[in-house]
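using only what follows, build the 3D model:
(3 chains)
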Amino acid sequence: MKIRVLLGLTAALMVIALYMVFIFVPSDAETGVIQRIFYFHVPLAWIAFLAFFVVFGCSIMYLWKRGRKWDILASSSAEVGLVFTTLFLLTGSIWARPVWGVWWTWDSRLTSSLILWIIYLAYFIIRSYISEEGRRARFAAIVGIMGFIDIPIIAMAITLWRTQHPGPVIFEGGLVTEMIWTLIVAIIAFTALYILLFSYRVLVKQDEHELNALKALRR
Amino acid sequence: MIVFAILVIVIFNFAFSGSQQTMVSLTPGMLWVTFAFAGVLSLNRAFIQEKEDNCLEGLMVCPVSRETIYLGKMLGSLFFMLLVEVVVLPVFALLFNVNVISLPLIIITILATLGFVTIGTLFSALAVNTKAREMVLPILFFPIVSPVIISAVSASGRVLGGESWGDIYSWLGIIAAFDIIFLVVAYLVFSVVIDE
Amino acid sequence: MDNLGYLFAAYTVIWVGLFTYILVLAQKQRQLRRDIDWLKEMLKKADQLP
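Residues are numbered from 1 along each chain as shown, chains lettered A, B, ... in the order given. Reported below is the predicted structural model:
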């Protein structure tokens, strides 16, 4: 029933965030209304990153303690993280279209995010290719750990590459206080959403395991 | 492997043709795509034979630590890839009229190759233990190794453009950091992949 | 108020994406619960479950 509480809390926070994004905050002077995507786009990205940090932590814990629950936590967080990253990429693309005129561009943030997305997609592809549970958890943990460690290096390389071939910058100009507050509220709302989805996914995975255990009993 | 690399270069010649100026600017990309793909192919082979002939179990029974197996395999792949590069670079210089034989470029190549084999050896051992085997390695390898490729291509471009050491320090730094960090991580984590 | 269409598109993408994910999960959950309960009944009948 904790899920119900989380659901209610998340919904409430989201409504507040939506109000702030659409009614409370003033439009950006330069790019106009479209800039409001920022308030959902950025939290999606940060929480995705948080999700992958959780994958990193749980993967290490799994390799250390070898408890199945760590694998459940890691893979659930990776899944939610992948969803958030996908949404972050899509909204970034939709934001880019009117502002730059193109659906995609190889700017540092979009490029790093794309690679991040691919790494975590690889996490799931690997999992799908291993049928034995223990090995799947171990190998996935390795990918989760190495992927996360790689992120700062990827960011550095791409940023350095981009400073030598500068591309478009998506958001110039300072942030007015209303904007900062709106962003903060949005981040809190999306954190709640992450926790909600994550907990729910973990619950479903536990049910999957229960079912498998029962099936095993049958034989 | 050397033949494969040369074939790739020849295909590149058909894919891209242009003035000498264009060729020089395309060289870093072509060079590193060639090395990356040849690398994946050779790294895939690192463990396939072991797995098929059950040599891996034999190796594990030996009184050497898992980590030593990793180092051994890694150095073997490193040596092999460097050999390929030693042949490919002059051939490239010949075919494209670009001077790719210079000390900075050689340093870049060595460092980047080290990065490739560090990651590649670990993931090759991992891939061989999955259902899809050879297909798994590229999926894991390329995204993780992307900063090395980006850095190698950029640095090579600068070198060919006549820049001196000062400019490529940051790129070399990134590749070197990658090498050290992942050498340590792969070394520590290898036994997880090999043990049942 | 130009580009409002894009803003709308972006938010739609987010909400549709999230809802699809939640619905798929919920469906999986329901099916799982059904299977678990059914199996439990079966095993109880066969006396394999306390």
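
show me the shaky parts of chain B.
Counting by pLDDT under 70, chain B shows low-confidence ranges at B:196.

in it, what residue is nearest chain A?
The nearest approach of chain B to chain A comes at residue B:147, 3.6 Å away (CB to the nearest CB). Placement of C-beta: from N, CA and C, glycine included.

wait, isn't that residue in contact with residue A:159?
No - because the distance of 10.5 Å does not satisfy CB atoms under 8 Å, residue B:147 is recorded as not touching residue A:159.

how close does the residue of chain B closest to chain A get to residue B:37?
18 Å (CB to CB, to the nearest Å).

okay, the two: which has more neighbours?
Set residue B:147 next to residue B:37 and count neighbours by other CB atoms under 10 Å in any protein chain shown: residue B:147 wins out with 28 against 15.

got the phi and psi for that one?
Note on residue B:147: backbone dihedrals following degrees, to the nearest 10 are phi -60, psi -30.

ok, the closest residue to the residue of chain B closest to chain A other than its chain neighbours to residue A:44 distance?
Excluding the flanking residues, the one nearest residue B:147 by CB to CB, 6 or more residues apart in numbering or on different chains is residue A:157, at 3.6 Å. Distance of residue A:157 to residue A:44, given as CB to CB: 23 Å.

same thing with residue C:30?
As judged by CB to CB, residue C:30 and residue A:44 stand 27 Å apart.

next: residue C:9.
Note on residue C:9: its distance to residue A:44, by CB to CB, is 15 Å.

higher neighbour count, these two?
Per other CB under 10 Å, whichever of residue C:9 and residue A:44 has more neighbours is residue A:44, with 27 against 18.

my read: that one touches residue A:190, true?
Yes - Residue A:44 is within contact range of residue A:190, at 6.4 Å (criterion: CB under 8 Å).

can you tell me which residues in chain A are near chain B?
With CB under 8 Å from any CB of the partner chain as the criterion, chain A comes near chain B at residues A:63, A:115, A:118-119, A:122, A:125-126, A:129-131, A:135, A:138-139, A:141-143, A:145-147, A:149-150, A:153-154, A:156-158, A:160-161, A:164.

hey, where'd the helices end up in the chain?
Here I'm looking at chain A. For chain A, the helices defined by DSSP state H cover A:2-19, A:38-65, A:68-100, A:108-128, A:133-164, A:177-218.

not quite, go with chain C.
Using DSSP H, helices in chain C cover C:4-45.

for chain B, which helix is longest?
Taking DSSP H as the criterion, chain B has its longest helix at helix B:20-52.

contact partners for residue A:89?
A:110, A:113-114, A:117 (CB atoms under 8 Å, 6 or more residues apart in numbering or on different chains).

okay, it: pLDDT?
Listed pLDDT for residue A:89 reads 90.

and what of residue A:170?
So, for residue A:170, pLDDT stands at 53.

with residue A:72 instead?
Value listed for residue A:72 in the pLDDT field: 93.

neighbours of it, just the number please.
Residue A:72: 21 surrounding residues under other CB under 10 Å.

and for residue A:44 and residue A:190, which residues touch both?
What both residue A:44 and residue A:190 touch, as defined by CB under 8 Å, 6+ apart, is the set residue A:84.

could you list every residue that touches the nearest residue to residue B:90 once chain neighbours are set aside?
Spatially, and ignoring its direct neighbours in sequence, residue B:90 is nearest to residue B:101 (6.5 Å; CB to CB, 6+ apart). Residues in contact with residue B:101 (CB under 8 Å, 6+ apart) are B:89-90, B:93.

ok, and the most crowded of the residues you listed?
Most neighbours among these, by other CB under 10 Å: residue B:89, with 18 neighbours.

could I get the contacting residues of the residue in chain C that chain B sits nearest to?
Residue nearest to chain B within chain C (CB to the nearest CB): residue C:17, separated by 22.3 Å. For residue C:17, the contacting residues are A:83, A:86-87, A:90, by CB under 8 Å, 6+ apart.

identify the residue nearest the residue nearest the centre of chain A in space, chain neighbours excluded?
Per CA atoms, centre = their mean, the C-alpha nearest to the average position across chain A is that of residue A:48, at 1.8 Å. In this structure, residue A:48 finds its nearest non-sequential neighbour in residue A:84, 4.0 Å apart by CB to CB, 6+ apart.

gap between stretch B:23-33 and the chain center?
Distance of stretch B:23-33 from the chain centroid (CA atoms, centre = their mean, to the nearest Å) equals 15 Å.

near chain A, which residues of chain B? Just list them.
Residues of chain B lying near chain A (CB under 8 Å from any CB): B:119, B:122, B:126, B:129-132, B:136, B:139-140, B:142-144, B:146-148, B:150-151, B:154, B:170-171, B:174, B:177-178, B:181-182, B:185-186, B:189, B:192-193, B:196.

right, I'll call it a day here.
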